[in-house]
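> one predicted model, sequence on top.
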Amino acid sequence: MAKVESKRGALSEERLRDFLREMLLIRHVEEKVEERFRAGELPGFLHVAIGQEAVAVGVCQAMEDGDVFASTHRAHAHTLARGTHPNELMAELYGKIEGCSHGYGGSMHLYDVERGNLGANAVVGGGLPAITGAALAFKLRGETRVSVAFFGDGATNIGTFHEALNLASLWKVPAVFVLENNHWAESTPAKQQLPISDLEKRAVAYGMHSTKVDGQDVEVVFKAARRALDYARSGKGPVFLVCETYRLVGHFVGDAQVYRPKGELAELRETQDPITKLRERLGIPDDEFEAMDAEALEVAEGAVAFAKAGTDPKPEDALKNVYA
Amino acid sequence: MPELTYREAVRDALSRAMREDDDVFIMGEDIAEMGGSMGVTQGMLAEFGPDRVRNTPISEMALVGAGIGAAMQGMRPIVEIMYEDFTTLAMEQIVNQAAKHRYMSGGQVKVPLTIRTQGGAGWSPGAQHAQQVEAWFVHVPGLKVVFASTPSDVRGLLWSSIYDDNPVLFFEHRMLYPIKEEVADELEPVPLGQARVHREGEDVTVIATGRLVHESLAAAAEAEKEGVSVEVVDPRTLQPLDEEALVSSVKKTNRCVVAHEAVVRGGYGAEVAAVVQHQAFDWLDAPIERVGSKFTPIPFAPVMENFVVPDAVDVLEAIRKTVERTGG
């Protein structure tokens, strides 16, 4: 990849336009997921990351080949941003063997090991200890790779979070813990589940280097993630990266969100949409934006068509892959 | 032929694997300078250094999870959980993570992790340091479960577990660490899923694990004096299970006792009894007897502990019951 940052660290306009295209693609794929779920085509249940695209794109674009990550139940954005083709993601949601987990995982268990995706985890906080362990392996082998964990504010209350961060800091392993603070643990607001409002403080107890950024600004996220990854890669230890973000949808597709204060969602959609923010900042004219938007929509629609035409696993394939 | 204790045999398997393979390392609480709460890893810090003999915080979730992450990167970590009672703290990581990564990924990843742990009653440690929980893990697809009863088995099975590409729960028994057995100079791997016939017999098959293998052998010697010939078989690997070895033994003897230290209710013996009755139903001359602990937490006072936990006398009584049914 060509060097895109100037000496002063500013990203080129072209790079930012790439980020915008990526966020648009994620948005359209997520909207297709909502639409196809409501049409009754997708089994199980689904969590979309509408509103949180800048965190996924900023962090994943800052990662390097060989870096690995673990995601959460809200995994589509991370998976796409790290390079899994929308066709493979959508095929997984349809339970097809062309899916990125070959139909064994589903939305909450997306894997793509070739692209460093060690698995989305449906147990809140469940993937964090293994990220410490992957980083330990890199350190023991003298590899300059970094492992990255994504998780939400709700996860900062669970034991795996504290044990994983404690061990990572103690052993100074090359890991970056990315907190996507969307202020909701499913339906429970921050004030009912967190005794502190500044979650960056969580890192203090572990003596871990930390930083907090506006998670709706993809450039800011990218730069912070790049610094965090560099820090970890250089052997200085793990980093706690807090991204303040907003979930502009319910917890799951179909969530009536009775718990949300009236008007909150409309206001946030107006003021905190990372795509609108970047578009306005770049001053992209309507016709050009519409073209970008149409291009992303076409890819998302193509993914649905690909997935629908995919191959169902044989029922007895369920017996495979239990053991290596 | 050198003689090794069970404890030394575990250490020998760990050390040999670590000498041969940089990807093998051990992690656990108090395993470095102290050499482990059971002394299993004594001397290993000096030979292999702190990077590969890693003392950890008291943090079972992170400890097991870190093992999972390193294993997914192709290393072969061995995690020590000091007492099997403490596997409860890491249950989510073992059951939801280690066991399922391969499956959920559609076969993309392997988790070659070995979780060593130990436990067992007989020394009054009380209810939180003495229970036997091996059966819990047999219920989880994706895990392998090993329970070794002798020095040669523990050495050969541990080696095979380290080099298995799946997560393995490896159970050792606290009271077996001092027992001795002659072993070959060279480590002989014991394949997972292969039972061992400890003693051949004609009248009753006792299928026993862990400490109860030795209690069953003592019971068999007593039974012989009464004119009853007892075959003692140790499955050694609980998952996968060597069904063929167990069933063929029962087809020969027509009677079966299953014996373990864990409580009878929901114990591994229930699974073995089901397998045997289903595959050898027409050969059985008596109901399968089950021997295990009474359904209580493990008590502290030695007289109560001794009452709850099974020994050779309980196995002998079970043998007699099956024999009494002759012609019934």
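That came through fine. Numbering: from 1, shown residues only, chains lettered A, B, ... in the order given.

> let's verify whatever residue of the stretch 101-250 of chain B ends up closest to chain A: helix, strand, or coil?
Nearest residue of the stretch 101-250 of chain B to chain A, counting by CB to the nearest CB: residue B:106, 3.0 Å away. Bear in mind the C-beta positions are built from the backbone N, C-alpha and C, glycine included. Under DSSP: H, G, I helix; E, B strand; the rest coil, residue B:106 falls in the coil class.

> quick one, phi psi at it?
Dihedral angles of residue B:106 (phi, psi; degrees, to the nearest 10) stand at phi 70, psi 30.

> around chain B, pick out the residues from the stretch 101-250 of chain A.
Within the stretch 101-250 of chain A, the positions adjacent to chain B are A:101-105, A:109, A:111-113, A:118-119, A:121, A:123, A:126-138, A:140-141, A:147, A:159-160, A:163-164, A:166-167, A:170 by CB under 8 Å from any CB of the partner chain.

> among the residues you listed, which are in helices?
A:128-138, A:140, A:159-160, A:163-164, A:166-167, A:170 (DSSP state H).

> how about the residue of the stretch 101-250 of chain B closest to chain A, what does it touch?
By CB atoms under 8 Å, 6 or more residues apart in numbering or on different chains, the contact list for residue B:106 reads A:99, A:101, A:102, A:103, A:104, A:105, A:111, A:321.

> what ranges do the strands span in the stretch 1-150 of chain B?
Here the stretch 1-150 of chain B has its strands, by DSSP state E, counting those that start in this stretch, at B:3-5, B:24-28, B:53-55, B:76-81, B:114-119, B:144-147.

> list the buried residues in the first one.
Spelled out, it's strand B:3-5. Across strand B:3-5, burial judged by 16 or more other CB atoms under 10 Å in any protein chain shown covers B:4, B:5.

> sorry, back to before: and the strands of the stretch 1-150 of chain B as TSV, adding mean pLDDT and distance to residue B:275?
Shown next, in TSV, are the strands of the stretch 1-150 of chain B (pLDDT from 0 to 100; distance: least, CB to CB, whole Å):
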stretch	mean pLDDT	distance to residue B:275
strand B:3-5	97	32
strand B:24-28	98	34
strand B:53-55	98	39
strand B:76-81	98	28
strand B:114-119	98	25
strand B:144-147	98	15
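
> tell me which of those strands sits nearest to residue A:28.
strand B:76-81 (41.5 Å; CB to CB).

> report the buried residues of the closest one.
B:76, B:77, B:78, B:79, B:80, B:81.

> and those residues as a markdown table, adding distance to residue B:19?
A markdown table is the format used below for the buried residues of strand B:76-81 (distance: CB to CB, whole Å):
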| residue | distance to residue B:19 |
| --- | --- |
| B:76 | 13 |
| B:77 | 16 |
| B:78 | 14 |
| B:79 | 19 |
| B:80 | 19 |
| B:81 | 24 |
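
> for chain A, state which of those is nearest.
Once CB to the nearest CB is applied, the member of these that ends up nearest chain A is residue B:77, at 7.6 Å.

> doesn't residue B:114 make contact with the closest one?
Yes. Counting by CB atoms under 8 Å, residue B:77 does reach residue B:114; the two are 7.5 Å apart.

> so what sits against both of those two?
By CB under 8 Å, 6+ apart, no residue touches both residue B:77 and residue B:114.

> make a markdown table out of the buried residues of strand B:76-81 and add distance to chain A.
As requested, the buried residues of strand B:76-81 are arranged in a markdown table below (distance: CB to the nearest CB, whole Å):
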| residue | distance to chain A |
| --- | --- |
| B:76 | 11 |
| B:77 | 8 |
| B:78 | 13 |
| B:79 | 10 |
| B:80 | 15 |
| B:81 | 14 |
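
> of all those, which comes closest to residue B:320?
Of the buried residues of strand B:76-81, the one sitting nearest to residue B:320 (CB to CB) turns out to be residue B:81, at 37.9 Å.
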